[in-house]
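**Student:** Model the following, please.
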Amino acid sequence: MMADIVSQEKRSEMMAGIQGKDTKPELKVRKALHHLGFRYKLHDKTLPGKPDLVFPKFNAVIFVHGCFWHAHGCHLFKWPSTRTEFWKSKILENKKRDKENIKKLLDLHWRVLTIWECAMKGKYKLNFDSTIIFVSEWLKSSDPRAVIAGEK
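**Tutor:** Now for the predicted structure:
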């Protein structure tokens, strides 16, 4: 196991500074969809999981998930080498909660789209314009659930 290059206090400060909403990928998706004329609500606390974008007109929600925080099985996700039990518990709980929230949303007849961080960055990122076209078409469709992730 490799030692951390910053102090425990500094690492804690750095991790606390990571945003849970209004992330760069989320803002990029929001801006592109708004430009196409889509209007949405943000982080609706009345819905399970407080989806990043809520489209009442289309009865659809979008989550923009970070691959690390939600344990995506892609090249961007790697289990931390320190405090492994803490991180495993935290990240697996996030993943469990995601699954429960998606089920609740589907049971409430909301359509759910998840856009993974790896679709927008990293060596397998997708073409952003094509991704937004897919999202736009999905919103107008009746497809209950979709996932966008970087290619493998």
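**Student:** going forward, measure contacts between C-alpha atoms and count neighbours the same way
**Tutor:** Noted.
**Student:** Can you name the helix or strand that residue 64 falls in?
**Tutor:** Residue 64 is part of strand 60-65 when elements are defined by DSSP states H and E.
**Student:** let me redo that: residue 113
**Tutor:** strand 111-116.
**Student:** one step back: downstream neighbour of the strand holding residue 64 in the secondary structure list?
**Tutor:** Toward the C-terminus, strand 60-65 is succeeded by helix 84-107 as the next helix or strand (DSSP H and E).
**Student:** got the CA coordinates for that next one in PDB?
**Tutor:** Extracted in PDB, the C-alpha atoms of helix 84-107 (Å, rounded to 0.1, in the frame of the first residue of the first chain):
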ATOM      1  CA  THR A  84     -10.400   0.600   2.500                       C
ATOM      2  CA  GLU A  85     -13.300  -0.600   4.800                       C
ATOM      3  CA  PHE A  86     -14.600   3.000   5.300                       C
ATOM      4  CA  TRP A  87     -14.600   3.700   1.500                       C
ATOM      5  CA  LYS A  88     -16.000   0.300   0.600                       C
ATOM      6  CA  SER A  89     -18.900   0.800   3.000                       C
ATOM      7  CA  LYS A  90     -19.500   4.400   1.900                       C
ATOM      8  CA  ILE A  91     -19.400   3.700  -1.900                       C
ATOM      9  CA  LEU A  92     -21.400   0.400  -1.700                       C
ATOM     10  CA  GLU A  93     -24.000   2.300   0.300                       C
ATOM     11  CA  ASN A  94     -24.200   4.900  -2.400                       C
ATOM     12  CA  LYS A  95     -24.600   2.200  -5.000                       C
ATOM     13  CA  LYS A  96     -27.400   0.500  -3.000                       C
ATOM     14  CA  ARG A  97     -29.200   3.800  -2.500                       C
ATOM     15  CA  ASP A  98     -28.900   4.600  -6.200                       C
ATOM     16  CA  LYS A  99     -30.600   1.300  -7.100                       C
ATOM     17  CA  GLU A 100     -33.400   1.800  -4.500                       C
ATOM     18  CA  ASN A 101     -34.000   5.400  -5.700                       C
ATOM     19  CA  ILE A 102     -34.200   4.300  -9.300                       C
ATOM     20  CA  LYS A 103     -36.700   1.600  -8.400                       C
ATOM     21  CA  LYS A 104     -38.800   4.100  -6.500                       C
ATOM     22  CA  LEU A 105     -38.700   6.600  -9.300                       C
ATOM     23  CA  LEU A 106     -39.800   3.900 -11.800                       C
ATOM     24  CA  ASP A 107     -42.600   2.800  -9.500                       C
END
